[in-house]
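Participant: I'd like to go over a predicted model; first the sequence, then the structure.
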Amino acid sequence: MVPEAEMKEVLDELQRLRARVPLLTGALAASTDGLVVAQDTPGIEAEGVAALTAAVLGVSIRMTDATGRGGFRELLIRGADGYVATYAAGSSAVLTLLAEDRINVGRLHLEGRRAGARIGEVVDASLDRADRTAPPPRPPQSGDLPRRGAPDRT
C-alpha cells in the first residue's frame, strides 16, 4: 500500500491538522477500499472507522453519480454529539475527521479540504512511484503449467 515514509508524512499532516483545529477529536486517512493509511484517533477503533468510511464513500459516489453532481468531494454527518466529515484525498484515499458539536463548520471544511489535498498528493505520488518501480508482469512460459494431453492409449 503506502510506504512507511509516506505514512509518517500523512500522520504528521493529521497531527498538524488536529493542532490547528482544537475541536477535532480524531483524524484518519484511509484508502478508498477501507484500509488505514494513518490515524490520530484516540479512543476510536481506526480500522472500523476506515471500513465504514469506505462503505459511506461508495454510497456517496453512487449518489453524486445518480444526481449528476460530479465526482465525490466531501460528506458531512452531524450527530447529537458532533460531526463526522469525509473529504476526497486524491484519487486513492479519503480523510475522515471527527469533531465536537461546537466546531465552526466553515473552518472544519476549510482545513479538511486543505489537508485532504495534501494527503492526496502524498498518497497518489507514492502509488505512482510504486507503479513505476514494480517489475513488469512475467509472460507465461511454456513450462509453467503442466499440459494436459490426450490420454495414452497404447
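Facilitator: Good, I have the coordinates.
Participant: low-confidence stretches in the chain?
Facilitator: Applying pLDDT under 70 to the chain flags the ranges 1, 133-154.
Participant: grab the longest helix from it for me.
Facilitator: Looking across the chain with DSSP state H, the single longest helix is helix 105-133.
Participant: buried residues in that one?
Facilitator: 108, 111-113, 115-116, 118-120, 122-123, 126-127 (16 or more other CB atoms under 10 Å). Every residue, glycine included, has its C-beta placed from N, CA and C.
Participant: let me know the closest of those to Val94.
Facilitator: Gly116 (7.7 Å; CB to CB).
Participant: which non-adjacent residue is nearest that closest one?
Facilitator: Tyr87 (3.7 Å; CB to CB, 6 or more residues apart in numbering).
Participant: how about the one you found, secondary structure?
Facilitator: The three-state label given to Tyr87 by DSSP: H, G, I helix; E, B strand; the rest coil is strand.
Participant: pretty sure it contacts Phe72?
Facilitator: No: at 9.3 Å, Tyr87 does not count as touching Phe72 under the criterion of CB atoms under 8 Å.
Participant: which one's more surrounded, the two?
Facilitator: Tyr87 (26 against 19; other CB atoms under 10 Å).
Participant: so who does that one touch?
Facilitator: Shown in contact with Tyr87 (CB atoms under 8 Å, 6 or more residues apart in numbering): Arg73, Glu74, Val94, Leu95, Thr96, Leu97, Gly112, Arg113, Ala115, Gly116.
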